[in-house]
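> Structure for this input, please:
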Amino acid sequence: MHPKYTLSGKSIVVTGATKGIGRATARLLLELGANVLAVARTEHDLVLAKAEWTPLGRLEICAADVATSEGRERVINAAKRSFGES
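Got it, this is the predicted structure:
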């Protein structure tokens, strides 16, 4: 964890969470204490990320394509289930 910064108690959705900048962002947010909902199109990649990152903090996953309205609805519902309504 980075001693100067903390996101403890914050819940954050990260799209593109299994590749590139999204992957690095999701991991850093977990290291900073955030609750993370990792979103990507490929469930297999999400399962691998969850296995790797679970020791870092609270991580939920959601396979969805946010380019579609169905995918966005899936992410909203997953966030509500994972982090509550607010």
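> now stretch 60-68: mean pLDDT?
Averaging pLDDT along stretch 60-68 yields 98.
> Neighbours of residue 8, how many?
Counted with other CB atoms under 10 Å, the neighbours of residue 8 add up to 11. Just so you know, the C-beta spots here come from the backbone N, C-alpha and C atoms, and that holds for glycine as well.
> same deal with the one 10 residues further on?
Counted with other CB under 10 Å, the neighbours of residue 18 add up to 23.
> Now do the strands in this protein.
For the chain, strands defined by DSSP state E occupy the ranges 11-15, 35-40, 59-63.
> ok, and which of the ones you listed has the densest surroundings?
Neighbour counts (mean count of other CB atoms under 10 Å) averaged over each of those peak at strand 35-40, with a mean of 25.
> Contacts for that one, please.
For strand 35-40, the external contacting residues (CB atoms under 8 Å, 6 or more residues apart in numbering) are 9-19, 22, 26, 29-30, 46, 49-50, 53, 57-64, 66, 75, 78-79, 82-83.
> would you put the C-alpha positions of stretch 14-30 in CSV?
C-alpha atoms of stretch 14-30 as CSV (Å, rounded to 0.1, in the frame of the first residue of the first chain):
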residue,chain,number,x,y,z
VAL,A,14,-13.0,-0.2,-13.5
THR,A,15,-13.8,-1.1,-17.1
GLY,A,16,-11.2,-2.8,-19.3
ALA,A,17,-9.8,-4.2,-16.0
THR,A,18,-7.9,-7.2,-17.5
LYS,A,19,-5.7,-5.4,-20.0
GLY,A,20,-3.3,-2.4,-20.1
ILE,A,21,-4.2,0.7,-18.2
GLY,A,22,-7.4,-0.8,-16.9
ARG,A,23,-5.5,-3.7,-15.4
ALA,A,24,-2.9,-1.4,-13.8
THR,A,25,-5.6,0.9,-12.5
ALA,A,26,-7.6,-1.9,-10.9
ARG,A,27,-4.6,-3.3,-9.2
LEU,A,28,-3.4,0.1,-7.8
LEU,A,29,-6.9,0.8,-6.5
LEU,A,30,-6.9,-2.5,-4.6
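> Perfect, that will be all.
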